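>>> following is a predicted model, sequence given first.
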Amino acid sequence: MPDRVKILDIQELTHDVKQFKVEKPSGYSFEPGQACEVAINKEGWIEEKRPFTFTCLPEDDHLEFVIKSYHDHDGVTKKIDSLKVGDELLVDESWGAIQYQGKGVFIAGGAGVTPFIAIFKSLKAQGKVDGNSLLFANKTSKDVILEDWFDKTLGENFISILDQEEKEGHAHGRIDKEFLKKHVSDFKQEFYVCGPEPMIKAVSKALEKLGANPEGIVFEK
């Protein structure tokens with residue numbers, strides 16, 4: 001049975017991404033990087049479950065999700081975008097996906113960065129951020145989720161790349177073989193890749209060509 005949780009707080013992060021803070025069911029647990037199925041507790045939406053990643057820490061007294069809304073169709077994320085504090089969500093048990101296996105390079109496309117938010121929060125809390133880096137691909141600078149936070153947390157180990165805008169402070173283009181060669185010094189380390197499927201395929205192919213061990217690449221759809 002899913003747990004009913006109230007929305008406690010909503011923050012706008014970008015033009016189409018919001019952060020939802022919700023109640024945490026008692027005894028609820030998860031690992032940084034994990035997700036759960038979420039539905040809206042309103043008539044007609046209860047069976048419409050979608051997976052969202054936790055962006056809080058397991059020890060926090062609430063749950064938190066960073067959700068991108070797609071307005072091009074009448075789906076769950078469009079409906080979530082219209083919710084208010086006090087509305088309810090239904091959350092199922094947490095499940096697998098990306099978990100931290102050791103220092104490495106995190107590669108994200110768009111909303112694919114969400115599992116990495118909790119992982120970096122956890123590393124920061126333990127003082128273990130050093131030696132990890134994030135390559136984050138988006139269309140334009142207004143799409144970059146939590147840019148200031150990643151900047152503060154990772155410093156020069158945070159590289160933002162935009163493929164539809166040239167802007168100071170951001171690389172331009174896509175995360176391809178040339179870009180990886182330029183920004184990654186060691187292909188024997190761990191790689192964590194999360195984003196749209198075509199990007200995941202292209203990045204993993206490029207990584208393997210550059211000598212990364214396919215076993216050392218952790219994917220998340």
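Perfect, I can see it now. Numbering: from 1, shown residues only.
>>> CA atoms for contacts and neighbours, from now on please.
OK.
>>> does Thr14 really touch Glu147, like I thought?
No - assessed by CA atoms under 8 Å, Thr14 is found out of contact with Glu147, at 10.0 Å.
>>> what sits against Ser160?
Listed by CA atoms under 8 Å, 6 or more residues apart in numbering, the contact set of Ser160 reads Leu135, Phe136, Ala137, Asn138, Val144, Gly169, His170, Ala171.
>>> of the residues you listed, buried ones?
The neighbour-count test (16 or more other CA atoms under 10 Å) marks Leu135, Phe136, Ala137, Asn138, Val144, His170, Ala171 as buried among those.
>>> which two of those residues lie the greatest distance from each other?
Across the buried ones among the contacts of Ser160, the longest distance by CA to CA is 12.6 Å; it joins Val144 and Ala171.
>>> hmm, back to that, looking at the buried ones among the contacts of Ser160, which is nearest Pro198?
Sorting those by how near they are to Pro198, with CA to CA, puts Ala137 at the top with 13.0 Å.
>>> so the closest one sits in a strand?
Yes - assessed by DSSP: H, G, I helix; E, B strand; the rest coil, Ala137 belongs to a strand.
>>> tell me the pLDDT of it.
You'll see Ala137 listed with a pLDDT of 97.
>>> distance between the lowest-mean-pLDDT helix or strand in the chain and the chain's centre?
When each helix and strand of the chain is scored by mean pLDDT, DSSP states H and E, strand 217-220 comes last, with a mean of 73. Relative to the centre of its chain, strand 217-220 is centred 13 Å away, using CA atoms, centre = their mean, to the nearest Å.
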